[in-house]
Structure formats: C-alpha cells, structure tokens
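>>> Got a predicted model here, sequence first, then my questions.
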Amino acid sequence: MAEDRIKLIATNRKAHYLYFLSDYFEAGISLFGTEIKSLRSSHCSIDGAYVAIKNNEAYVYDMDIPVYTHGNIFNHEPKRVRKLLLHKREIAKLAQKVQLKGYTIVVTRCYLKNGKAKLEIALGKGKNTIDKRETIKKRDVQRKIEKELKNHN
C-alpha cells in the first residue's frame, strides 16, 4: 500500500490541557480555492476550534485560515464556518456522545494528507482545576526525569 505523505500544519496543544480526549476521528474539510492555498503555505490556527453537529452534518467553528496573500476579490473569509466530511455513522456516533454524556468535539490537529486538507477531531470531556494541576505536575516530573537522565550521561 502507498505510504501516506502527511504535512502537519497546526496542532491544538491546549486541547490536551483543557480536556480528557478520547475517540479520535479524521475528517476532511470543504474548502474554497484560496483557503487550500493558504493551508498549503502553513497558515492556520485551530486554538479554540470546535465542532458542532446540525441537521446531521458536522461543521467546524472558530478555525482561522488567514486570507491568502496573493488572492484577489474572490478571497475567503478567515473565520467562516466550514463543513466537515465524515461518514453518517461517524456523525451519528459523535452526536449521540455529545448529547447524552456532555462531551465536546475538539479539533486537535490540522494537516495535509496526500495533498488533501484533513482535521483530527476528538471527543473531549472538560477537566476541572484539580485535573489541570495534576497534568502540570506530571509534565514537570517528566521534565525533571529527562533532565536528570541527560545530566547523568
């Protein structure tokens, strides 16, 4: 099978801090011409981006794709709502979890896979302050361990 060529454009590191993430999905994005050109030049921000399901279709909100610099009057709006390309059963599964269990659908990564724009989305359950402190402690301990190992060698 052909090897997938992936070019990472943006990651949402804050999502791992704010949410307990589970059930990752890969979704395509419906884009205009200047949007894909802007993505190919590695311009995108997904901080705070989330997915909502309306009329059995998934849409991504607050995803910022800046205006293409060499675009003309047909350039796109940077923060417009974009449709996600998912299978019906995936949308139904996401909608059920969001409705019943209080999850949020969060965008974790944006990348180009074989020239096509993709988003990695995940179900996220919000962390409270205590959980966030534990995450910080674990990260600090891991950092100290790596530093000691580096100094020991």
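Thanks, I have it. Numbering: from 1, shown residues only.
>>> any weak-confidence spans in the chain?
1-3, 153 (pLDDT under 70).
>>> How are the helices of it distributed by residue range?
Taking DSSP state H as the test, the helices found in the chain are 13-18, 33-40, 88-101, 129-152.
>>> just these: most buried one?
The highest average neighbour count among these, using mean count of other Cβ atoms under 10 Å, belongs to helix 33-40 at a mean of 19. C-beta coordinates here come from the backbone N, C-alpha and C atoms, glycine included.
>>> list the helices and strands that one packs on?
Here helix 33-40 touches strand 104-113, going by 3 or more Cβ pairs under 8 Å, 6 or more residues apart in numbering; DSSP states H and E.
>>> quick one: strands adjacent to the strand it packs on?
Looking at strand 104-113 with DSSP bridges, its partner strands are strand 6-11 (antiparallel), strand 50-54 (antiparallel), strand 116-126 (antiparallel).
>>> With only the CA atoms kept, save the first one in PDB.
These are the backbone C-alpha positions of strand 6-11, laid out as PDB (Å, rounded to 0.1, in the frame of the first residue of the first chain):
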ATOM      1  CA  ILE A   6       1.500  14.000   5.900                       C
ATOM      2  CA  LYS A   7       2.400  17.600   6.300                       C
ATOM      3  CA  LEU A   8       1.400  18.900   9.800                       C
ATOM      4  CA  ILE A   9       0.000  22.500   9.600                       C
ATOM      5  CA  ALA A  10      -1.300  23.200  13.200                       C
ATOM      6  CA  THR A  11      -1.800  21.400  16.500                       C
END
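>>> Relative to Asn114, which of the helices of the chain is closest?
Minimum separation from Asn114 across the helices of the chain (Cβ to Cβ) falls at helix 33-40, 12.7 Å.
>>> Distance from that closest one to the middle of the chain?
17 Å (Cα atoms, centre = their mean, to the nearest Å).
>>> List of residues touching that helix?
Helix 33-40 is contacted from outside by 9, 31, 44, 65-68, 70-71, 74-76, 110, 112, 117, using Cβ atoms under 8 Å, 6 or more residues apart in numbering.
>>> Take the strands paired with strand 104-113 and write them to JSON lines, including mean neighbour count and distance to Asp140.
Below are the strands paired with strand 104-113 laid out as JSON lines (neighbours: other Cβ atoms under 10 Å; distance: least, Cβ to Cβ, whole Å):
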{"stretch": "strand 6-11", "mean neighbour count": "16", "distance to Asp140": "21"}
{"stretch": "strand 50-54", "mean neighbour count": "17", "distance to Asp140": "28"}
{"stretch": "strand 116-126", "mean neighbour count": "19", "distance to Asp140": "22"}
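>>> Cool, thanks, talk later.
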